[in-house]
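Chemist: The following comprises the amino acid sequence and a computationally predicted model.
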Protein chains: 2
Amino acid sequence: MTSRFDVLGIGNAIVDVLARTEDDFLIKYAMHKGSMQLIDEMRAASLYDVMGPTVEISGGSAANTIVGVASLGGRGAFVGKVKDDEFGRTFRHDIRAAGVTFDTPPAARGPATGCCYVLVTPDGERTMNTYLGAAQDLHPDDIDVDMIAAAEITYLEGYLWDPPHAKEAFRKAAAAAHHADRLVALTLSDAFCVDRYRAEFLQLIKTGTVDVVFANERELHSLYQTADFDTAIGALRGDAQLAVITRSEKGCLVVTRQETDAVRAFPVEKVVDATGAGDLFAAGFLVGLSRDASYRDAARLGALAAAEVIGHIGARPQSSLKALAAESGLAV
Amino acid sequence: MTSRFDVLGIGNAIVDVLARTEDDFLIKYAMHKGSMQLIDEMRAASLYDVMGPTVEISGGSAANTIVGVASLGGRGAFVGKVKDDEFGRTFRHDIRAAGVTFDTPPAARGPATGCCYVLVTPDGERTMNTYLGAAQDLHPDDIDVDMIAAAEITYLEGYLWDPPHAKEAFRKAAAAAHHADRLVALTLSDAFCVDRYRAEFLQLIKTGTVDVVFANERELHSLYQTADFDTAIGALRGDAQLAVITRSEKGCLVVTRQETDAVRAFPVEKVVDATGAGDLFAAGFLVGLSRDASYRDAARLGALAAAEVIGHIGARPQSSLKALAAESGLAV
């Protein structure tokens, strides 16, 4: 069957509220630097009160990835829940303006559109505090199986395990994709998220519910509860068909049953804001995969997309990734 | 009388919605590059529909100036009208988080918080489309004369002539300031704005309702309806007690009855987004003025603040201007 989409992403629809801060602030408010913490409405309000001046930019991990797919010239679709409020309309505008198909109906009532309060420290690292809001209401009914069947790859974020019914939506989508002989990819999202759902994530990987796994080093260590990298990679090779481990400036490892291939990162002048680096890496790799590129070329595309997004504030590309790829001699 | 504030600004409270675009877009939608156009709710909706992905950052010309004052270590206050909605709360958060006193009660009903749709072209120039929204409802009752009397300088934007009752608020504030022996400053805001209210602006200057005038070259030419710069400067010297004409990379001219003094711009690596350059220049100059610096030193502070803000997206400083000034050997 011909496809309508290269990559369809399902994730929490979130608007990022970013502020620069110092490391002391993270310590004072008991945040784990570089990771994501869920917060309730009260904590969100009191955190916002003490944050510095902010910038609002549409975000959400899988949503960022799909915007990256579109920027690379891929056909992207996104499924996620906003409310019909100002931030919800902003989210919808931004993802559609990026060329992504986004038709999930907004919630008419209930909590406001989800926000992620992102603290960016001088080293460019981001520490995230997520109020899920309307994203809590993503439901299996929001999954259109025909749309899933029409996508080469369905991409799911581990964060979907947090809202109450989104994991059912996840499973429904994965089943529909495999029923149509399509690929299913998963990002482990965050080391603490892995800690919350380790057994379930391992089961998704071992049973082949997901075909491709993305993780960074911290998520990998958390998944296998080991501080030894090689032990973790060995375990992953036994469990996953295809996995990509991102290692910041050290590049990434593409891990298959047969081999482990190291691919370099793209040089970056200055890490301004690391928000979205993993999301955009996934975008490049998935576009490569959907176009039958080699894993190595797909990883190079991922590295290129990640390098663009960490050079500025916000987790979505500001330049055409397709043009950047062409300049770097990478075919898309 | 001792003062509570160095500078109190009154202006339209606006959230900027910024998108990058090409020059073709401006032509297609009949926009005057580099200037501000007022739009109604319908035009705002249809423009937003065709704009690319956006970033939301609190803005508003006088509000940006007062945030710059605070960033330079000055005591700033702002008066302006938002609605009690998401963007209104964002505006309030951001200006307070910057250290500015902002107590104007939000509108409970009526139009949404004002937005400025800013199109940033590859040369860094910004073209603005403003939906005034709740800013239309600024009223003389929003002016607390005791607060005005407690500010060294009251700073007013020419844009206040657009909403129906804001000019009355302007006049009330100017009278209260002069009654307390304080200074009143005005920015001409925009060449088209000058075109709409030329006679009234000239009267404000000639009658001494304002003591200090800020304008860029286009606004100056519009004020005196002449293409000849020297003719315009000559006319301005006859009318104004103190005026500063900003000339982008050419620096500025400080114009008094006695002399015209040229002050250099600060070097800028790349103009990323010119939004706020004039606003931040005014911030530096006003802080200098409130601290009894020489006009030349005040203009240097203005140039420094302008250089910071055009180096990134958004019209508010991302670094401490006080620290930057210290690094450059400028006393604040």
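Modeler: Everything's here; your move. Keep in mind that this is a model prediction, so the values were computed, not measured.

Chemist: C-alpha only now, for contacts and for neighbours.
Modeler: OK.

Chemist: In contact with A:Arg316: list those residues for me.
Modeler: Residues in contact with A:Arg316 (CA atoms under 8 Å, 6 or more residues apart in numbering or on different chains) are A:59, A:64, A:67-68, A:276, A:280, A:309.

Chemist: give me that answer again for 6 Å
Modeler: A:Arg316 sits next to A:Asn64 when contact means CA atoms under 6 Å, 6 or more residues apart in numbering or on different chains.

Chemist: Not counting sequence-adjacent ones, nearest residue to the most centrally placed residue in chain A?
Modeler: Ranked by distance to the mean C-alpha position of chain A (CA atoms, centre = their mean), the top residue is A:Ser61 at 3.2 Å. With CA to CA, 6 or more residues apart in numbering or on different chains as the criterion, A:Ser61 has its nearest non-adjacent residue at 5.8 Å, and that residue is A:Asp279.

Chemist: quick one: the residue nearest to A:Gly60 when sequence neighbours are not counted from A:Phe281, how far?
Modeler: Closest residue in space to A:Gly60, ignoring its immediate chain neighbours: A:Ile14 at 4.7 Å, by CA to CA, 6+ apart. According to CA to CA, to the nearest Å, A:Ile14 and A:Phe281 sit 19 Å apart.

Chemist: Just the helices from chain A, written as ranges.
Modeler: Under the criterion DSSP state H, chain A carries helices at the ranges A:23-28, A:41-50, A:61-71, A:86-97, A:145-149, A:166-179, A:191-206, A:217-224, A:229-239, A:277-290, A:295-309, A:321-327.

Chemist: so which of the ones you listed gets nearest A:Asp103?
Modeler: Evaluated over the helices of chain A, closeness to A:Asp103 peaks at helix A:86-97, with 8.8 Å, by CA to CA.

Chemist: Counting by contacts, list what the closest one packs against.
Modeler: When contacts are defined as 3 or more CA pairs under 6 Å, 6 or more residues apart in numbering or on different chains; DSSP states H and E, helix A:86-97 packs onto no helix or strand at all.

Chemist: For the stretch 51-200 of chain A, what lies in contact range of chain B?
Modeler: Applying CA under 6 Å from any CA of the partner chain, one finds that the stretch 51-200 of chain A approaches chain B through A:52-53, A:55-57, A:94, A:97-98.

Chemist: Swap in 7 Å and give it another go.
Modeler: Applying CA under 7 Å from any CA of the partner chain, we find that the stretch 51-200 of chain A lies next to chain B at A:51-57, A:86, A:94-95, A:97-98.

Chemist: Give me the PyMOL select line for the residues you listed, limited to the buried ones.
Modeler: Buried residues within those, as defined by 16 or more other CA atoms under 10 Å in any protein chain shown, are selected in PyMOL through the command that follows:
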select buried, chain A and resi 51+52+53+54+55+56+57+94+95+97+98
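
Chemist: Single out the residue in the stretch 151-300 of chain A that lies closest to chain B.
Modeler: For the stretch 151-300 of chain A, the nearest residue to chain B under the criterion CA to the nearest CA is A:Val272, separated by 11.6 Å.

Chemist: need the contact list for that residue.
Modeler: Shown here is A:Val272, whose contacts under the criterion CA atoms under 7 Å, 6 or more residues apart in numbering or on different chains are A:124, A:310-313.

Chemist: Which of those residues fall within strands?
Modeler: Of the contacts of A:Val272, none are assigned to strands by DSSP state E.

Chemist: Could you report the neighbour count for A:Arg109?
Modeler: Using other CA atoms under 10 Å in any protein chain shown, A:Arg109 is surrounded by 10 other residues.

Chemist: wait, what's in contact with the spatially closest residue to it that is not a sequence neighbour?
Modeler: If you skip the residues right next to it in sequence, A:Arg109 has A:Lys83 as its closest partner in space, 7.1 Å away by CA to CA, 6+ apart. Remark: with contacts taken as CA under 7 Å, 6+ apart, A:Lys83 is in contact with A:106-108, A:112-113, A:134.
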